[in-house]
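1. Pasting a predicted model and its sequence here:
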Amino acid sequence: MTSPRIAGHALVEALVAQGVTTAFGVPGESYLAVLDGFHEHRERIRFIACRQEGGAAFMAEAQGKLTGRPGICFVTRGPGATNASIGLHTAFQDSTPMILFIGRVASDQRDREAFQELDYRRVFGPGTLGMAKWVGEVQSADRLPEYVARAFHTAMQGRPGPVVLVLPEDLLTTPTAAPVLPRVEPVQAWPAPGPLRDLRAMLVAAKRPFVIAGGGGWDAEGARALQRFAENWQLPVGCGFRFQDSFDNRHPLYAGDVGIGINRSSPHASARPIW
């Protein structure tokens, strides 16, 4: 049985259970209970206070890129949330796992045009042209660990990306005995043997095959695997916009940055650019 504690502390415990050791943000009065939780658990997790929410969001986005698990950012309501939107948008376009926690006005002030109140589902709403895979709002302190676990799952599963979790100010001071949930791990997808055989047949029949490297989920081992694949088939490789580090730019098979243009000095510059 978990001992009762305020939801703000339970949230920090949930982050620790997910393996988070560092969070970024700009302190605000809407989530003081969470900041108190960071202080309470300062030996296990650190909170880095930033000067501006845009910088905090970019730090969390970079953390997600480097670790493959969601970078964590905390901001306060209204301008705090909109300042962080640039980092959130970058995470969405770069398929970076990230969770943006937003302190919101108290529940009894909702829909009364309270100070700096916004409808975050409409601001960050998911979709092809949105800025987040999911925007959730915690309505019950007892369900807070559930929301955190779902946020981690959504951020990492399938195409990685950012998630927004909205925290009403009064909820964070509500006592809860809800236990934290186990660490979330994404399910890894693998191609079936049939499509791999089809790919090989297409490569054998192709006259001028060209690889475009991009998308999320890259790590050092993935980049090395791509390089071995290109070398085995002698395939020129171009990198998508903001994915230049997916392939060694000094490698003889590197054909340039496809997002901007193909480097004409490359030995494979005769390959037709693909846009």
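-> Right, received. Where do you want to start?
2. Quick check on Leu203: phi, psi?
-> phi -70, psi -40 (degrees, to the nearest 10).
3. Please look at it and Pro209 and confirm they touch.
-> Yes. Assessed by CB atoms under 8 Å, Leu203 is found in contact with Pro209 at 5.7 Å. (Each C-beta comes from the backbone N, C-alpha and C, glycine too.)
4. Now list whatever residues contact both of the two.
-> Trp233, Leu235 (CB atoms under 8 Å, 6 or more residues apart in numbering).
5. what's the burial count for the closest residue to Asp94 other than its chain neighbours?
-> Among residues not flanking Asp94 along the chain, Arg242 sits closest, at 6.0 Å (CB to CB, 6 or more residues apart in numbering). Applying other CB atoms under 10 Å, we find 13 residues neighbouring Arg242.
6. Check Ala114 too.
-> Per other CB under 10 Å, the neighbour tally for Ala114 reads 15.
7. what about the residue lying closest to Gly37 once chain neighbours are set aside, how many neighbours?
-> Leaving aside its sequence neighbours, Gly37 sits nearest to Val12 (CB to CB, 6+ apart; 3.5 Å). Applying other CB under 10 Å, we find 26 residues neighbouring Val12.
8. for Pro252, same thing?
-> Count around Pro252 with other CB under 10 Å applied: 13.
9. swap in Gly125?
-> Neighbours of Gly125 using other CB under 10 Å come to 15.
10. correct me, but the residue nearest to Gly37 touches Ile45?
-> Yes. The pair Val12 / Ile45 is scored as a contact, 6.5 Å apart, by CB under 8 Å.
11. what do these two both touch?
-> If you check Val12 and Ile45 against CB under 8 Å, 6+ apart, the residues they both contact are Phe38.
12. For Gly194, give its distance to Arg51.
-> Counting by CB to CB, to the nearest Å, the gap from Gly194 to Arg51 is 53 Å.
13. er, Arg228 I mean
-> Arg228 is 43 Å from Arg51, by CB to CB.
14. Next SSE downstream of the helix or strand where Leu32 lies?
-> Assigned by DSSP states H and E, Leu32 falls within helix 32-40. Of the helices and strands lying after helix 32-40 in sequence (DSSP H and E), the nearest is strand 46-49.
15. now that following strand, how far from the chain's geometric center?
-> Centroid separation for strand 46-49 versus its chain: 18 Å, with CA atoms, centre = their mean, to the nearest Å.
16. Name the residues of that strand that are buried.
-> Of all the residues in strand 46-49, those buried under the rule 16 or more other CB atoms under 10 Å are Phe47.
17. ok, now stretch 111-128?
-> Buried residues in stretch 111-128 (16+ other CB under 10 Å): Gln116, Leu118, Tyr120, Arg121, Val123, Phe124, Pro126.
18. any idea which of those is the one closest to Ala141?
-> Using CB to CB, Tyr120 is the member of the buried residues of stretch 111-128 that sits closest to Ala141, with 19.0 Å.
19. Against Gln18, how distant is the closest residue to the closest one other than its chain neighbours?
-> In this structure, Tyr120 finds its nearest non-sequential neighbour in Val166, 5.1 Å apart by CB to CB, 6+ apart. Look at Val166 and Gln18: by CB to CB, they are 19 Å apart.
20. Give me the more crowded residue out of these two.
-> Val166 (23 against 20).
21. The strand or helix carrying the more buried one pairs with which strands, and in what direction?
-> Using DSSP H and E, Val166 maps to strand 162-168. Neighbouring strands of strand 162-168 in its sheet, by DSSP bridges, are strand 98-104 (parallel), strand 134-137 (parallel).
22. between those strands, which one is nearest to Gly216?
-> Checked against CB to CB, the stretch from the strands paired with strand 162-168 lying closest is strand 98-104, at 11.1 Å.
23. Pull the distance from that closest one to the chain's centre.
-> 12 Å.
24. Check stretch 221-231 too.
-> 24 Å.
25. List the buried residues of it.
-> Buried residues in stretch 221-231 (16+ other CB under 10 Å): Leu226, Gln227, Ala230.
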